[in-house]
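Engineer: What would the 3D arrangement of this be:
(2 chains)
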Amino acid sequence: MTAARDGERKAVPNTRARRAGRRGPRRHTRRDLAVLGVLLGIPILLDLALIWGPTLASVGLSFTTWDGVGDITWAGFKNYDNLFTTYPQFWPAVRHNLLWLVFLGVFAAPFGLLLAVLIDRGVRFSRFYQSTLYMPVVLSLAVVGFIAQLILSRDQGALNAVIGGRNPTDWLGDPGLNIWMVLLAACWRHTGYVMVLYLAGLKSVDPTLKEAAAIDGATERQTFFRVVLPTLRPVNVIVGVITVIESLRAFDIVYAVNKGRNGLELLSVLVTDNIIGEAGRIGFGSAIAVVLLLVSMGFIVTYLVQELRGEERR
Amino acid sequence: MSRRTLLRGAALGAGAVALPSLLAACDSGPSGVSLGSNASDAVPKKAFAAAFAAYEKKSKKTVKVNTVNHENFQENINRYLQGTPDDVFMWFAGNRMQYFAQKGLLADISDLWQHFGGFSDALKKQSTGADGKQYFVPYYYYPWAVFHRKSVFQEKGYEIPKTFDEYRALAKRMQRDGLVPFAFGDKDGWPAMGTFDYLDMRANGYDFHIALLSGRKSWNSPQVKQVFDLWRGLLPYHQKGANGRTWQEAAQSLAQKKAGMTVLGLPHPGQQFAAADRDDLDFFPFPEIDPAFGRDAVEAPVDGFLMSKKARDKSGARELLTYLATPAAEDIYLASDPNNIAVNSGADTSAYTPLQKKAVQLVSGARQISQFMDRDTRPDFASTVLIQAIQQFLNRPDDIDGLVNDIERQKKQIFAAG
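Structural biologist: Numbers count the residues shown, from 1 in each chain, chains lettered A, B, ... in the order given. Sure, this is the predicted structure:
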């Protein structure tokens, strides 16, 4: 093993020197190219086969009618037309997905940051808070959904048992109310996640920066918003990305609560209902999936463009 | 303990867990019939096991049962049948079976049916595909009715309502007496379908109901609007917040004497009653709305067995199906699960509970038997349109016109898709 490695180490500079002498600066040998080709080629092939293949197949299927068994027939834009005009669950689902995004982005993420800052400054029992707040992250959202039911069920839930009253509120059955309850539960989990990310980020902020700011006469608030937060930029990016991902792929919690019906419709649930369930409306379900893909692409493209521009500026 | 020993221990542990299942997976040779079961609840699972054990003893062949969670089995049925399905599997009669027969996923067993005895013509019809061939072996059924507690009715002096007006008047009286007239939960999406089915069959007749569900009648017709209108009139007497309540919770409020009545299937309320109270449970047929149709139709879903087209052990599967069609096979099942009724007229009814006996009477007196909304129509229509529509109706009962137009538009698309 060591002998072989030594041989390699010797061989590489030799060839490079020889070739460099003969044909000017060339950076890759044939073997380098082969290795690069294999190492890049395999992931690219996998990426094409496992990600782009199915994606394009879904886009293709969305223009057809297929029950999963018989023939596939071309349907043109009919699925999309039906989706936008006659499928009553579609627009509520889009609204709920966006609401999810706004709610997590505007409440959960900043709240997580606030908790991280408080804990980082060393409140008493900070270890305890840290683990308590992080605990929900370990739970899957499906489990969070079950916990939500135990607490919020109308007749047998803990909350209504505490509140009492003759006309109990139907927290999870009232279609105007249940989405907020589920968002609250999702927030409970997301906040902990964001908090831990920021906590790690805050630990790595160079204290001399804060000192310098303090010497320059910055108030604590200025120090935080002008100095600390910008240095947290990589964490901000990660938090932004996971918030978008969490809200677009949200599924398990509403499915655990009531299968994503009656006020809890989400695009992911509609896709599942139409494709995976007994229904077998694969073309129609694919059309919904394509809409979800476009929404995700919108966010991803905006994010990438901003990232690349940001890199250039620096 | 070092990290390495811990890891080694974990790997060994994982191997020990995985190995037997790997071995079991290899052990699927040609011996015996494989059977896909959706009977994941404890009581039916045990009852089916008894029936299969009896067959194994009799035929000296093995039945390999693969039990899958009830809901998951239904949701995956499409892919299950196209992948490597078991030779025989449990399913439902009616349209929900015919749909898969039409797709060519089921094996024709018409020749076996010629030798079956003890099945009524109605049952044969429910076991027959659209092409006139038989595919299904019926096993048991359970009627839907209005359930109540005898003691509550006696104590308050309530009379069994025969007409819809009496039904409504009784509900009103119960409300005055501080009871919730109808225990009601539709969180799972299907329990409320039973009420719709009965209202439609009583107001418009069985033929209209079946035509409606098979897509031949329109949902925005005055008849359907009338059904929703009748239902809206009853909603103030239903338990509030139905979309957030499971049928189990609803049945519990009947058991606790908080509610007076509930529309459910025979196996449902009994499970939620304490063993001592089970004798107190009783039912009456859904009351008459239009005298022209009386109380002729009964909703009684039939469960049974199908053979998949891809069955590997075809002769073994046929032999098992032949056995399952005998009265003896049904007797063994019902001995362990007294919440259903045998379909075969030769089955032994002497051990039936009074409730079971009454259920037999109800069904044998019926002139038409419907399955259930999600069994009498296409699965895609039931699961992506009707469940949502009924839940929406329960939330906003006043917009009936908008609701039925919505359903009709979606119906046209789905039934046009073929």
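
Engineer: got a list of what the closest residue to B:Lys64 other than its chain neighbours touches?
Structural biologist: Closest residue to B:Lys64 in three dimensions, ignoring its sequence neighbours and counting by CB to CB, 6 or more residues apart in numbering or on different chains: B:Ser34, at 4.6 Å. Backbone N, C-alpha and C define where each C-beta goes, glycine included. By CB atoms under 8 Å, 6 or more residues apart in numbering or on different chains, B:Ser34 lies in contact with B:28, B:63-66, B:86-88, B:312-313.

Engineer: Report the lowest-confidence entry in the residues you listed.
Structural biologist: Among the contacts of B:Ser34, B:Ser28 carries the weakest pLDDT, at 43.

Engineer: what's the closest of the contacts of B:Ser34 to chain A?
Structural biologist: B:Asp86 (17.7 Å; CB to the nearest CB).

Engineer: Tell me who's in contact with the closest one.
Structural biologist: With CB under 8 Å, 6+ apart, B:Asp86 has these contacts: B:34-36, B:64, B:66, B:308, B:311.

Engineer: mind listing the strands for the stretch 51-200 of chain B?
Structural biologist: Along the stretch 51-200 of chain B, counting by DSSP state E, counting those that start in this stretch, strands occupy B:63-67, B:88-92, B:136-141, B:144-149, B:180-182.

Engineer: Adding distance to A:Pro110, write those out as a markdown table.
Structural biologist: Listed next are the strands of the stretch 51-200 of chain B as a markdown table, based on distance: least, CB to CB, whole Å:
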| stretch | distance to A:Pro110 |
| --- | --- |
| strand B:63-67 | 48 |
| strand B:88-92 | 51 |
| strand B:136-141 | 58 |
| strand B:144-149 | 52 |
| strand B:180-182 | 44 |
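
Engineer: pLDDT score for the residue of chain B found nearest chain A?
Structural biologist: Residue nearest to chain A within chain B: B:Gly244 (1.8 Å; CB to the nearest CB). pLDDT for B:Gly244: 86.

Engineer: neighbours of it, just the number please.
Structural biologist: When neighbours are counted by other CB atoms under 10 Å in any protein chain shown, B:Gly244 registers 29.

Engineer: Pull out the C-alpha coordinates of stretch A:212-221 and format them as PDB.
Structural biologist: C-alpha atoms of stretch A:212-221 as PDB (Å, rounded to 0.1, in the frame of the first residue of the first chain):
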ATOM      1  CA  ALA A 212     -14.600  46.800  17.800                       C
ATOM      2  CA  ALA A 213     -18.200  47.800  17.300                       C
ATOM      3  CA  ALA A 214     -18.600  48.600  20.900                       C
ATOM      4  CA  ILE A 215     -15.500  50.700  20.900                       C
ATOM      5  CA  ASP A 216     -16.800  52.600  17.900                       C
ATOM      6  CA  GLY A 217     -19.800  53.500  20.000                       C
ATOM      7  CA  ALA A 218     -22.400  51.200  18.400                       C
ATOM      8  CA  THR A 219     -25.400  50.400  20.400                       C
ATOM      9  CA  GLU A 220     -26.200  46.800  21.100                       C
ATOM     10  CA  ARG A 221     -29.000  46.900  18.500                       C
END
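
Engineer: For it, give me every contacting residue.
Structural biologist: A:222-223, A:226-227.

Engineer: Please repeat the previous calculation with a cut-off of 6 Å.
Structural biologist: Residues from elsewhere that reach stretch A:212-221 (CB atoms under 6 Å, 6 or more residues apart in numbering or on different chains): A:223, A:227.

Engineer: go on, stretch A:146-161?
Structural biologist: A:168, A:170-173, A:181, A:185, A:256, B:241, B:244, B:249.

Engineer: if I've got this straight, the residue nearest to B:Lys64 is in a strand?
Structural biologist: Yes: counting by DSSP: H, G, I helix; E, B strand; the rest coil, one finds B:Ser34 located in a strand.

Engineer: returning to what we had before: the contacts of B:Asp86, buried ones only, as a PyMOL selection?
Structural biologist: Here is the PyMOL selection string for the buried members of these, based on 16 or more other CB atoms under 10 Å in any protein chain shown:
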select buried, chain B and resi 34+35+36+308+311
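
Engineer: Just send the contacts of B:Asp86 back as CSV, with distance to A:Ser268 too.
Structural biologist: Putting the contacts of B:Asp86 into CSV (distance: CB to CB, whole Å) gives the following:
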residue, distance to A:Ser268
B:Ser34, 33
B:Leu35, 34
B:Gly36, 28
B:Lys64, 36
B:Asn66, 29
B:Ser308, 31
B:Ala311, 35
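
Engineer: Would you mind listing the residues in contact with B:Trp247?
Structural biologist: Counting by CB under 6 Å, 6+ apart, B:Trp247 has contacts B:185, B:191.

Engineer: Would you mind listing what in chain B touches chain A?
Structural biologist: Within chain B, the residues that sit near chain A (CB under 6 Å from any CB of the partner chain) are B:74-75, B:77-78, B:103, B:187, B:241, B:243-244, B:249, B:379-380, B:383-384, B:388, B:391, B:395, B:406, B:409-410, B:413, B:417.

Engineer: quick revisit: in TSV, list the contacts of stretch A:146-161 along with distance to A:Gly201.
Structural biologist: Converted to TSV, those look like this (distance: CB to CB, whole Å):
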residue	distance to A:Gly201
A:Pro168	43
A:Asp170	41
A:Trp171	35
A:Leu172	36
A:Gly173	40
A:Met181	31
A:Ala185	26
A:Ala256	32
B:Gly241	44
B:Gly244	40
B:Glu249	46
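
Engineer: What is the nearest of those residues to B:Glu330?
Structural biologist: Checking those against B:Glu330 with CB to CB, the nearest one is B:Glu249 at 31.5 Å.

Engineer: Just want the residue of chain A that's nearest chain B.
Structural biologist: A:Gly173 (1.8 Å).

Engineer: Tell me which residues touch that residue, please.
Structural biologist: Here A:Gly173 is in contact with A:154, B:241, B:243-244 (criterion: CB under 6 Å, 6+ apart).

Engineer: A helix includes it, no?
Structural biologist: No: membership of A:Gly173 in a helix is not supported by three-state DSSP, which gives coil.

Engineer: Distance check, it against A:Gly157.
Structural biologist: 11 Å (CB to CB, to the nearest Å).

Engineer: Contacts only, for the most centrally placed residue in chain B.
Structural biologist: Nearest to the mean C-alpha position of chain B, by CA atoms, centre = their mean, lies B:Pro301 at 5.1 Å. By CB under 6 Å, 6+ apart, the contact set of B:Pro301 is B:371-372, B:375.

Engineer: coming back round to it: report pLDDT for the residue of chain A closest to chain B.
Structural biologist: Per the predicted model, pLDDT is 83 at A:Gly173.

Engineer: How about the contacts made by B:Ile414?
Structural biologist: So B:Ile414 contacts B:380-381 (CB under 6 Å, 6+ apart).

Engineer: ok so, going back, which of the contacts of B:Ser34 tops the neighbour count?
Structural biologist: B:Val88 (27 neighbours).

Engineer: which residues does that one bridge with?
Structural biologist: B:Leu35, B:Met307 (DSSP bridges).

Engineer: Can you tell me how far it is from A:Gly165?
Structural biologist: 53 Å.

Engineer: can you check A:Phe107 too?
Structural biologist: 28 Å.

Engineer: out of these two, which sits in the more crowded spot?
Structural biologist: Each of A:Phe107 and A:Gly165 has its neighbours counted (other CB under 10 Å); A:Phe107 has more, 15 against 7.
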